[in-house]
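> coordinates only, sequence not included:
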């Protein structure tokens, strides 16, 4: 009786591997083995690439969700500010994040980059005073626009360097300070005496 062999014939290998090859290839054991290995390597690489793509997509989705959450929870509500000349000409409309508490005013843009062109931050104070602001720990240069209690611009301190801890003021009472990207006030034609009209509900400052 013939003993069972622990070795498989090439015909059996072909059946187990599921590889369809030409008869000429299977006549050569080396070619057959190489084709089998190549097929398996391709399948493994495809599976690996699919897994990596799924992982990357998951990471990107998490980052987008996190960034969206940071955007919504930046400082406070958002309002639109329109700048109007004494002639009635409207020069610009900006989207502003509102900081109306001591904590949010102290945070300002600290350790953050500026929100970008057409955006900014407004620091609301509970009462008019000669408020001092600085650009300490901020990652971009900025313009400070001081708004008087009557809603008109009391003065502008432009091009304040990043990470500048020197307190800035315009020597006049203000009830709010707008933080804009450096040079934005000049580019948009915003100047002293312009009226700032707010569209949206402002929280009561504390």
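Yep, that arrived. Small disclaimer: the values here were computed from a predicted structure and weren't measured.
> Residue 117 belongs to a strand?
No: assigned with DSSP: H, G, I helix; E, B strand; the rest coil, residue 117 falls outside any strand and is coil.
> Can you give me the neighbour number for it?
Counted by other Cβ atoms under 10 Å, the residues lying close to residue 117 total 12. Quick note: C-beta positions are derived from backbone N, CA and C, even for glycine.
> Check the one 5 residues further on too.
Counted with other Cβ under 10 Å, the burial measure for residue 122 works out to 26 neighbours.
> what comes up buried for the helix or strand hosting it?
Here residue 122 sits within strand 119-129, counting by DSSP states H and E. When burial is assessed from 16 or more other Cβ atoms under 10 Å, strand 119-129 yields the following buried residues: 119-125, 128.
> what do you get for stretch 174-191?
By 16+ other Cβ under 10 Å, the buried positions in stretch 174-191 come out as 174-182, 184-185, 188, 190-191.
> And stretch 193-202, by the same measure?
Across stretch 193-202, burial judged by 16+ other Cβ under 10 Å covers 194-196, 198.
> Out of those residues, flag the one nearest to residue 40.
Proximity of those to residue 40 (Cβ to Cβ) peaks at residue 198, which lies at 67.0 Å.
> so who does that closest one touch?
Under the criterion of Cβ atoms under 8 Å, 6 or more residues apart in numbering, the contact partners of residue 198 comprise 79-81.
> Buried ones among those residues?
Of all the contacts of residue 198 considered here, the ones buried according to neighbour count by 16+ other Cβ under 10 Å are 79, 81.
> And the buried residues of stretch 174-191, which two are furthest apart?
Taking Cβ to Cβ as the measure, these span a maximum distance of 23.3 Å, between 175 and 182.
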